[in-house]
Structures are given as C-alpha cells and as structure tokens.
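A.B. asks: coords please:
(chains A and B)
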Amino acid sequence: MASLPPKHRLQSSAADSAATGQHEHHRPRGLMRWVLTTNHKEIGTLYLIFSLTMFLIGGVFALVVRAELFQPGLQLVQPEFFNQMTTMHGLIMVFGAVMPAFVGLANWMVPLQIGAPDMALPRLNNFSFWLLPIAFTLMLSTLFMPGGAPNFGWTFYAPLSTTYAPPSTTFFILSLHIAGISSILGAINIIATILNLRAPGMRMMDMTLFVWTWLITAFLLIAVMPVLAGVVTMMLMDINFGTSFFNAGGGGDPVLFQHLFWFFGHPEVYIMILPAFGIVSVIIPTFARKRLFGYASMVYATASIAILSFLVWAHHMFVVGLPLVAELFFMYSTMLIAVPTGVKVFNWITTLFRGSISFEPAMLFAIAFVVLFTIGGFSGLMLAISPADFQYHDTYFVVAHFHYVLVPGAVFSIMAAVYYWLPKWTGHYPHLRLSQWHFWLSVIGVNLTFFPMHFSGLAGMPRRIPDYSLQFADFNMVSSIGAFMFGLSQLLFVVIVIMCVRGGKTAPAKAWDGAEDLEWTVPSPAPLHTFEHPPQYRPVEH
Amino acid sequence: MRIRHVWMTAGMLVAALMTGVSGPLLAADWNMPVGVTDVSREVHSLHMTIFWICVVIGVVVFGAMFYSLFRYRHSQGAKAATFHEHTTVEVIWTALPLLILVGMAVPATATLKKMYDASDADLDVMVTGQQWRWHYSYLGEDVEFTSNLATPREQITGDSAKGDHYLLEVDEPLVLPVGKKVRLLLTADDVIHSWWVPELAVKQDAVPGFVNENWVRINEPGIYRGQCAELCGKDHGFMPVVVEAVEQEQFDTWLAQRKEAAAQEAQGVDREWSMDELMARGEQVYGSICASCHQADGSGLPPAFPALAGNQALLDDPGRHVDTVVNGVSGSAMPAFRTTLNPVEIAAVITYERNAWGNDSGEVTQPAEIAAMLAE
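C.D. replies: Numbering: from 1, shown residues only, chains lettered A, B, ... in the order given. The predicted structure follows:
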C-alpha cells in the first residue's frame, strides 16, 4: 500500500491479477478470440490497431496528393483520381483513423480510470468495433468500382455528390451509415460506463479530464451522428429514388445540404479534439509533477465548447450567400469559442508554471500539442472574422488551419496517449531514443508540411486543385517534402510500438513517478481483468 | 568548447539553408493582397489586425510556456508547487479575451455591412458557373460570352514550357469599368462553384437554383486573376477568373464592339452554312465547351462521360442528339446548352460531332433549324 499514490487509498486491487487466471480456459483461441472478445482491453487494442491501419492508408492517399502537388503541371495522376484521393484521405482520416483511435483509448482507459471492471455493455462494444472493418472495407472498395471512388471531397457537397457523383456513391453512403451506427453505439456504451460504473466514492468532479472530455464527446456523437445519417439518406433518395432534396432543378435546395452537413460537421470537429484536450490534461500534470490547474474550469470550458459547437456551423458557409444577420450571428458565436479554448491553454501553461518538468516522449508530444494546436486556434480566430474569411475561405489557409488542429492537434494527442499508456498496456517502456527521433521527425515534418500552406493560401491558392499556377510552386514543394518526412517517420512509430509489445525496459505498476490516476494502481501490463472488486475511491481534498 | 563548436556549425548550416531557400521563397507572395478596391483594403486591414492580435497573444502565451519549461526542469532539481486554482486569475483570463474579441468584432461588423450593400449599382453582370467555365452576361446590354481556360494542354502535361500566367489565363476576360459600382449576380447551371478574385476581395458561391449578390468597385485599371474556389468536379483547378478593369471610355468602346459582333452572329442564323464552315466553327466550340468531359478525340471518360466517337446510339438518332445538347440530360452531368450557346454554335457543334473522329455521317445541321426549334 505504501507504493500507491497518495491521492487514492485502495482496499484491494492486487487481488485482480490473481483472479485473472480463472477466466483464461473459457476463452476461444486464435482468431476467434479477437472476433468474439467482449473484453474492453482487447476491444481497445482492436480499435487502436484498426485506427493505425487506417492512418497509414489515409496517409498513403495524402502522399499521392502531395506527390502530384510537388510541382506545377500534371505528372502522376489525373484530376479525376486526384479528387478521389483528397476525398478518401479526408474520409479515412476523420472516420477511420482519428475517431476510432479515441474510441480505442476510451475502451482501454475509461474503465481503468474510473475503477470499473469493463465497459457497461461488453457485447455492444464488440459489435460496434466489428462494424468498422465492414464499413471501411466497403468504403475502400469503391476505389475499384467503375467510375472510381467518391470524388467530391470529404464534405460531399450536393449536387456534386448526388446528380454529378460516380455510381459508387451509394456504397459510400452505406459505409457512412455503418460507421455512424458504430459511433453511436460506442458513445452510448461510454456514457453508460461513466455514469454507472465509477468506483464507489468517485464523484463526477473526481473523474480525470480524459473521462470528462469523453463523456461530453459521447453526448456530441449521439446528438449529431443521426444528422449525418439523415443527410446521407436524403442523398441516397436523390440519387436512387428520384427525390429532389438537394436538386434545384426539382425544387430542392443545395444549400440545405450544407446546413445539415455542418450541423453535424462542426460538433464532429470537436468530437475529434475534446478527447485530445482530455489526454493532454492528464499527461501534463504527470510530467510537471503538479496537479492540473483549474480542474473545474477545464470541465466547464469543455462543456461550453460542446454547447457552442451547435451554434457555429454556418461559419463554414460564409461565402454561400447567407443573409447579413446570419453572417453576423455566426461570426460572433465563432469568436466566442476562443474564450473557453483560451482558458484551457492558459490552464495547461499554469500547470507547467512552478512544476517539476521532465520531457518523456508523451510529454514532448503533449507540449507540441499545446503549441501547435494553439497556432491552429489562432488561424481559427482569423477565419472567424467573416469579411476576412471571404479571402481565406476554401484556400490552403483553411487547409493549414484544420491540419494544425487535427494533425499536431488530435493525432499528436493520440501519439502522446500511446507513449503515455504503452507501459500500462504492454508492461514495457517504449524505446526512448527511437521515440525521441519519432517526435522530432514528426514535429519538423508536420510544420514543414502545413506551415507553408498558410502562405500559399493567403497568396491565393484554392484547396482541392490538382495543379496550380507558378507563384505557389515553392510553398508546395516544401509542403510535399515535409509530408513525405512526416509520413515516413510514422513507420518508425509502427516499429516502436511493435518493439514495445515484444519487449523493452520493464515498467512497474506506476510507470511515471508523477502519475496519480487509478490506472497506475493496477499492475503493468494490465491483466485482462481489473477492478473485479471495485476500489474504494477517496478523492483528494479540493 | 565542443558545445560552442556544435552550435556554430548548426548556426552556419541554418544560415546556409535560409539563404538557399529564401531566395526563391522571397520572390513569391506571402500574404493576402491589399487589392484594388476600398473593400479589399478594409479586408486586408482586418486581416492584419487580427493577425497581429494573434502574434501578441502568441508571444505572451508561448513566452510564459517556454519560460516555465526551461525554468522548472525536473533535471535541474525543480520542486513542484502545490497550487491548483486561483479565481482572480481565471476570471481575468476569461474576461480579457472577451474584451479583445468585442474590440475586433466592431470593425469587422462595419466592413461586413459595406460588403453586403449592393444597392445603387451602375452595371449589373450575371455570372454563371458551369463545369468548368464562367459565363458572363451584361444585363440589359445584350452582351454575353463564355470565359474558358486559355492555357494550352501541352503546358499542363509538361510538353511545353509553362507561361507566366499558367492556369490563370482565359480566352475572354470579364471586362469592367473602373470607378463604377458593378453588381455581380451569381448562379450556377450544374454544381456549386465559387467566383473568386483575391485582388477584389470578392468570393461568392455560385449555387444552382439561387442568385447570390455581391458587388465591386475597382479603383485601378489592370488585369486581376483568380480561380474557382469551390470543388466542382474534375476540372475545378482549371477554371480561372480573369477580370480586366479599364477606363469607362475604353469599356464603352469594347461594349459597342461586342454588341455589333453579337448582331452579326444573329444574322448568321438565317443563312445557309457550308459543311466546312460548320466543321471549323464546331471544332472550336467543341474544344472550349465539350472536350473537357468528352475529350478532344471524342473518347469520353465512361461511365460519367460517354464516348461520342463511334457512338451508334448517337449516330442513329439525330433528333435525340440535338435534344441532348439543347436540353441536357436530367439526372446526369450533361447540362442544357440552350442559353449558353447560340443557334450557330449549337448547329456547328452537332455537325462537328456527327462528322469528326470517323463518325462520318455526312449530316449537316443548319443554325436555322436550331433557331426554329428554340423558338418553339
């Protein structure tokens, strides 16, 4: 008991590991073990492997795009295929890589952080995972269909995605439906787990920020995935059953599509960043060896951002021809988001202030997250200024903005999480030297790729074009070099993870000396079953 | 000594890299253009204001962050403090950004109101986006034309050197008078396009079924180049906008010439055209309008864009061929050309399609036939 962190006094968690063995002989072996598993850790692992696979596939698509854009002129691919690549890159990264990665982390860590034995609905958990490989096999198969894959951008604006779309669009709609069901079921499961299975004595305001942000994210998912399902169903009807929801020729409204899409799409953006906030809010206190500054304000800021996310959707549509009043409303509401987001950044920095800071790989990624996400936040603030957005809109400035919040934002937070929790998952520390190499190559590559895009966008380069005029050539060449550097260094990440699974320096239960949360009270690697007897949680004094 | 040596080498490397890279980079444009309208100047100034606000906040925030990272290193024996909240500080850093934002919203609102006031225009131009060209119509003046990419295919494929205005040049620019308030009415025939000229700070979506309004008053004569900004399909990247701003007198002369040319073209409808004349005109129309989908050699890009060369259904049914070109095909990417092309152009392109690439049907479609059909 003396080795436990002072924050928690647990009655017994050592019994968990002893109990593990009794369950082993019931379990199917080989492939069926993974197909039939209802264990949150195994399903978490499946999600993470799936996400990494999609990340690499989506990355290859991005590199096709960047290779074509290395120089002006058409060299490698035709515009038709180029558009398929940009579209599939976006769809795979958003729905296949980032979202499942966060669900995987939630599966692994939410039960461990709240002292629950598993997710509340284990069979549903299995089902929501296995929907994903089906959805994305279907989506990737469209690349081989006549007319090619979807080519209308990940935002699939009608009528380009309906009347003018390739025949494979119907398959794309089905695959989004399946992925959407998976997300909704996953969200229900996470909410049920957090609300019902917390350790005795753990109040809502005792939960880690990772658990809090995921709880809020799960509500966002339940609120908006049905809107996405609705809008793609309307597309399905327009394409196959002669309706005219979005077809102006039949009395429909193409702008309605954008309202519906972004009513889903903007909360979706926060679905991809709120769990990242949670991860960083857990990692920074660990390596600053100091409690998170402003815990309560962090929770309120997260909730505010979530609520505001339903009120800003039309800032994606500033040039679509909105009336002045709408334009003003959405400009003001969007600017308002900077306030709770700023609070978060200030809290992280004040957590660092007068801490005792060390720079383990997880911390490196978390620090890079704070800096680079903030840069993405600044360009977001600029984009909120509607008159200026008339110039920024649909240019590489926007591409730079959302890649800053998604790559060194969401993706770096996922990498930080992996480096942070790998010792808990595998029982080994990841190789330090290689992890540092991975970090520096990634951080340089990501900035080389995306920083010049601010300039090319301001200078007038529209997004989603396969060829460009000569004044953008230098920026694009730098971006392409950076993209290959970033892309190839992710292979190093794969190597580091595989090495860590196979061996490495042994990690104790509490792998980081500043780590205070419940997951560090169970052995490393975490046995298959943990917290079968709920720990008695005693919160720290506020 | 060793450490200093490493730093010096690194510094020299960085300096060498900077001079190597910055040469070409400095030649490029790095920032939003100030532009040539009052509105574009205001937009640019808003952009710079918010940019500098972000820079100042960034310096403060990142300064505090890197100071903490450096000053409170575990490896230097830093001991962590235990504080974890401070109400006053938290209130200040919530309220202060709010005030900055209000300060920013005031000028932004003023500019936006100006941008939205398209009243009292001197000239109305209808801008219609089509896959993948712009159609301009001077309302009340009976002048309209289509503006296509003028960059030769060989430059795109790399078979010849790229020109100065690669991908930003058109066959017929939009000509506008300087100093006059021009109202732009934007719509689209097929998918959503977006008409954008950075120097004018005008970007407005052209949405099928909607007519959007915007306006521009250009202060300086010149040629201003932009592009379609909304993904509109295959040739989205090959749909430039070129605006030529000229003095009023020059504009009047140009407009008169265009009117005369239109009148001559209208007379051409009534006369009998020879096969050679129609083929020559048809090849020209086909090249600028049809070839982007159906390809220069008529081979198409199935299944979206069917082949025309050797297309038996097309050759067997001339009536359907005419109908397809004039009225489009509902539910497909084939637009109706009844308003975009005049009867001479429609007749010429149909004749061309029925006789080019080995389709030797020998059939001639006369402009008068098309005009009669359109009149019905």
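A.B. asks: and the closest residue to chain B within chain A, how many neighbours?
C.D. replies: Per Cβ to the nearest Cβ, residue A:248 is where chain A lies closest to chain B, at 2.5 Å. For the C-beta atoms, the positions are set from N, CA and C on the backbone; glycine is no exception. When neighbours are counted by other Cβ atoms under 10 Å in any protein chain shown, residue A:248 registers 21.
A.B. asks: which outside residues touch stretch A:186-200?
C.D. replies: A:103, A:106, A:110-111, A:114-117, A:119-121, A:124-125, A:128, A:207, A:211, A:214-215, A:217-219, A:221-222, A:225, A:518, A:531, A:534-537 (Cβ atoms under 8 Å, 6 or more residues apart in numbering or on different chains).
A.B. asks: Give me the mean pLDDT for it.
C.D. replies: Confidence for stretch A:186-200, expressed as mean pLDDT, is 96.
A.B. asks: Which positions within it qualify as buried?
C.D. replies: Buried residues in stretch A:186-200, counted by 16 or more other Cβ atoms under 10 Å in any protein chain shown: A:186-191, A:193-194, A:197-199.
A.B. asks: mind putting the residues you listed in JSON lines, secondary structure and distance to residue B:119 included?
C.D. replies: Output for those, formatted as JSON lines (DSSP: H, G, I helix; E, B strand; the rest coil; distance: Cβ to Cβ, whole Å):
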{"residue": "A:186", "secondary structure": "helix", "distance to residue B:119": "52"}
{"residue": "A:187", "secondary structure": "helix", "distance to residue B:119": "49"}
{"residue": "A:188", "secondary structure": "helix", "distance to residue B:119": "53"}
{"residue": "A:189", "secondary structure": "helix", "distance to residue B:119": "56"}
{"residue": "A:190", "secondary structure": "helix", "distance to residue B:119": "53"}
{"residue": "A:191", "secondary structure": "helix", "distance to residue B:119": "52"}
{"residue": "A:193", "secondary structure": "helix", "distance to residue B:119": "58"}
{"residue": "A:194", "secondary structure": "helix", "distance to residue B:119": "55"}
{"residue": "A:197", "secondary structure": "coil", "distance to residue B:119": "62"}
{"residue": "A:198", "secondary structure": "coil", "distance to residue B:119": "61"}
{"residue": "A:199", "secondary structure": "coil", "distance to residue B:119": "66"}
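A.B. asks: returning to that earlier point: in ChimeraX, select just the buried ones from the contacts of stretch A:186-200.
C.D. replies: Selecting only the buried entries of the contacts of stretch A:186-200 in ChimeraX, with 16+ other Cβ under 10 Å as the criterion:
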select /A:103,106,110,111,114,115,116,119,120,121,124,125,128,207,211,214,215,217,218,219,221,222,225,518,531,534,535,537
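A.B. asks: Which residue comes closest to the residue of chain A closest to chain B once chain neighbours are left out?
C.D. replies: Distances taken as Cβ to Cβ, 6 or more residues apart in numbering or on different chains place residue B:209 nearest to residue A:248, at 2.5 Å, with adjacent residues excluded.
A.B. asks: try residue A:100
C.D. replies: Computed as Cβ to Cβ, 6+ apart, the closest residue to residue A:100 that is not its neighbour in sequence is residue A:51, at 4.3 Å.
A.B. asks: so the one you found sits right up against residue A:105, yeah?
C.D. replies: No. Counting by Cβ atoms under 8 Å, residue A:51 stays clear of residue A:105, with 9.3 Å between them.
A.B. asks: the more surrounded of these two?
C.D. replies: More crowded of residue A:51 and residue A:105, by other Cβ under 10 Å: residue A:105, with 25 against 22.
A.B. asks: OK, contacts around that one?
C.D. replies: Contacts of residue A:105 by Cβ under 8 Å, 6+ apart are A:44, A:48, A:210, A:275, A:279, A:414, A:417, A:421.
A.B. asks: How about residue A:398?
C.D. replies: Contacts of residue A:398 (Cβ under 8 Å, 6+ apart): A:383, A:392, A:457, A:463.
A.B. asks: Okay, now the unreliable bits of the stretch 201-350 of chain B?
C.D. replies: Along the stretch 201-350 of chain B, segments meeting pLDDT under 70 span B:331.
A.B. asks: Among the contacts of residue A:105, which pair sits farthest apart?
C.D. replies: A:48 and A:210 (15.1 Å; Cβ to Cβ).
A.B. asks: out of these two, which sits in the busier spot?
C.D. replies: Between residue A:48 and residue A:210, residue A:210 has the larger neighbour count (other Cβ under 10 Å), namely 26 against 22.
A.B. asks: quick one: which helix or strand includes the more buried one?
C.D. replies: Assessed by DSSP states H and E, residue A:210 sits inside helix A:209-240.
A.B. asks: wait, does that helix make contact with chain B?
C.D. replies: No. Against chain B, helix A:209-240 shows no contacts by Cβ under 8 Å from any Cβ of the partner chain, the least distance being 8.9 Å.
A.B. asks: how many other residues sit next to residue 289?
C.D. replies: I went with chain A, as the question did not name one. Counted with other Cβ under 10 Å, the neighbours of residue A:289 add up to 21.
A.B. asks: my question was about chain B
C.D. replies: Neighbour count for residue B:289, taken as other Cβ under 10 Å: 21.
A.B. asks: quick revisit: OK, contacts around the residue nearest to residue A:248?
C.D. replies: A:248-249, A:252-254, B:187.
A.B. asks: and which of those is nearest residue A:79?
C.D. replies: residue A:254 (22.1 Å).
A.B. asks: okay but that closest one is in contact with residue A:158, surely?
C.D. replies: Yes. The criterion here is Cβ under 8 Å, and residue A:254 meets it with residue A:158 at 5.4 Å.
A.B. asks: and the closest residue to residue B:362 other than its chain neighbours, how far is that from residue B:370?
C.D. replies: Distances taken as Cβ to Cβ, 6+ apart put residue B:355 closest to residue B:362, at 6.9 Å, once the chain neighbours are dropped. Separation of residue B:355 from residue B:370 (Cβ to Cβ, to the nearest Å) stands at 16 Å.
A.B. asks: which stretch of helix or strand covers residue A:497?
C.D. replies: helix A:473-502.
A.B. asks: Please identify the buried residues of that helix?
C.D. replies: Within helix A:473-502, the residues scored as buried using 16+ other Cβ under 10 Å are A:473-487, A:489-490, A:492-493, A:496-497, A:500-501.
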